[in-house]
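1. Here is a sequence together with a model predicted from it:
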Amino acid sequence: MTAILYPVATNAEQALSRPKGRAARESDARRRAGDAVAFASEPVGPAFTTREAALDAYRGRVEDERTGATPDIEDRYCRLVEQIADGAKPPRPVAATYADGHRWPPPAKAPRTVWRLSVSYWRIGTAERPIEAPQARAARRSRQPLEADALRAIAQTPMRATKPQQPLDIGLFEVRPPEAPHIVMPDE
């Protein structure tokens, strides 16, 4: 079986330099850590102004389309990500203009960006945990001011539903077989 073997560590720096082990599944990572683990992806190391400089610095750790070099499948837990540079302001939202046959105005000057190495790893449960992000819709409706760290945490987490999803309706031409009631089959 070929799967990515993610490092098991307390932080991203340790995941790169001296992990406690490597595991593809959470159960394996939990065994290696001897504690609860959570999957995390964090940027580490210095920021590079160009992608080429970052590729040169992390040769062998990330895929390099210039040379065609790729790490082994088990070692593909690192990737390069582009981020807005510290001190640079993100572009402000613009209103639609509907002028001269175009819906949006010409794009503003793009903010300055940098390239960083993002490491995906199994974070050990006793390690420092990232901020628990509130559900985005609930945070917006509460009208309470949010800290910058909480906003960043909301932006970096996957969307979560406000309530559990309701079961799907079964259509007119669908049935549940008696031997497998968890399956919905089309009926002719």
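-> Okay, I see it.

2. got the residue ranges for the strands in this protein?
-> 6-9, 21-23, 37-48, 78-84, 113-124, 174-175, 185-186 (DSSP state E).

3. For those, could you give me CSV that also reports mean pLDDT and mean neighbour count?
-> C-beta: built from backbone N, CA, C; applies to glycine. Output for the strands of the chain, formatted as CSV (pLDDT from 0 to 100; neighbours: other CB atoms under 10 Å):
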stretch, mean pLDDT, mean neighbour count
strand 6-9, 94, 26
strand 21-23, 93, 19
strand 37-48, 90, 16
strand 78-84, 91, 16
strand 113-124, 93, 22
strand 174-175, 85, 12
strand 185-186, 86, 10
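
4. With distance to Pro71 as extra columns, can I get these in JSON lines?
-> Shown next, in JSON lines, are those (distance: least, CB to CB, whole Å):
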{"stretch": "strand 6-9", "distance to Pro71": "13"}
{"stretch": "strand 21-23", "distance to Pro71": "13"}
{"stretch": "strand 37-48", "distance to Pro71": "16"}
{"stretch": "strand 78-84", "distance to Pro71": "8"}
{"stretch": "strand 113-124", "distance to Pro71": "13"}
{"stretch": "strand 174-175", "distance to Pro71": "46"}
{"stretch": "strand 185-186", "distance to Pro71": "44"}
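
5. I'd like to know which of these is closest to Leu151.
-> strand 78-84 (13.8 Å; CB to CB).

6. what packs against the closest one?
-> strand 37-48, helix 51-57, strand 113-124 (3 or more CB pairs under 8 Å, 6 or more residues apart in numbering; DSSP states H and E).

7. sorry, back to before: please name whichever of the strands of the chain is nearest to Gln156.
-> Using CB to CB, the nearest of these to Gln156 is strand 37-48, at 8.6 Å.
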